[in-house]
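Peer 1: prediction below, plus the sequence it came from.
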Amino acid sequence: MRAERVQLGAYIDSLVSDSEYVFFISYSGVSVAQFSDLRNQLHANEAQCHVLKNTLLNRSIKSQEIDGVEKLAGDTAVVFGSADPCPVAKTIKTFNEDVENVDFKGALIGGKFLSPGDARAMAELPSIDVLRSQLLGTIQAPMTNLVGVLNNSVAQMVWVLKAYEEKLNEQNG
């Protein structure tokens with residue numbers, strides 16, 4: 001094996017293992033201008049896109065013993081990064097609506113392989129910030145309700161005491 005292939009293989013190994021996510025996408029029949037536009041959109045989401053040889057990708061995936069990965073074939077581009085994967089998946093899906101030849105072949109997220117359908121479904125998920133705010137709202141709801149109930153109980157007690165005081169004043173008055 002030539003030294004360049006060894007270095008490229010090591011680079012792909014590090015890319016697959018060190019990235020938070022890796023999307024495998026098809027791009028057959030996409031013009032250079034369209035592909036450049038996709039790269040720019042992905043770059044805006046802190047992701048990178050490279051075209052890599054399937055043999056090297058398959059070898060890297062196999063060497064890392066990732067289960068469920070089908071052998072990649074055809075034109076494959078790799079989109080990877082370390083930020084939130086949902087906006088990147090949305091970008092790919094939206095781009096697919098405009099350019100039919102770009103679609104998911106699968107994804108690696110947290111060392112787990114996702115099928116093309118699962119990768120598409122990820123594009124429907126809200127961003128991590130929205131999920132965090134929803135979780136926070138769910139956690140805060142019982143506390144907010146408890147404060148409301150306690151506040152209501154105290155107010156009722158004050159109303160009862162006030163009514164009792166008025167009744168005493170009427171009897172004495």
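Peer 2: Now that the structure is in, tell me what you want to look at.
Peer 1: what about the spatially most central residue of the chain, which SS state?
Peer 2: In the chain, the residue lying closest to the centroid (CA atoms, centre = their mean) is residue 86, at 3.1 Å. When classified by DSSP: H, G, I helix; E, B strand; the rest coil, residue 86 comes out as helix.
Peer 1: now residue 126: which helix or strand?
Peer 2: Under the criterion DSSP states H and E, no helix or strand holds residue 126.
Peer 1: quick check on it: phi, psi?
Peer 2: Per-residue torsions, residue 126: phi -70, psi 160 (degrees, to the nearest 10).
Peer 1: what's around residue 74, how many residues?
Peer 2: As a burial measure, residue 74 scores 9 neighbours (other CB atoms under 10 Å). C-beta here means a position set from N, CA and C on the backbone, and glycine is covered the same way.
Peer 1: run through the residues that contact it.
Peer 2: Each residue near residue 74 by CB atoms under 8 Å, 6 or more residues apart in numbering is listed here: 26, 28, 54, 105.
Peer 1: mind running it again at 6 Å?
Peer 2: Residues in contact with residue 74 (CB atoms under 6 Å, 6 or more residues apart in numbering) are residue 26.
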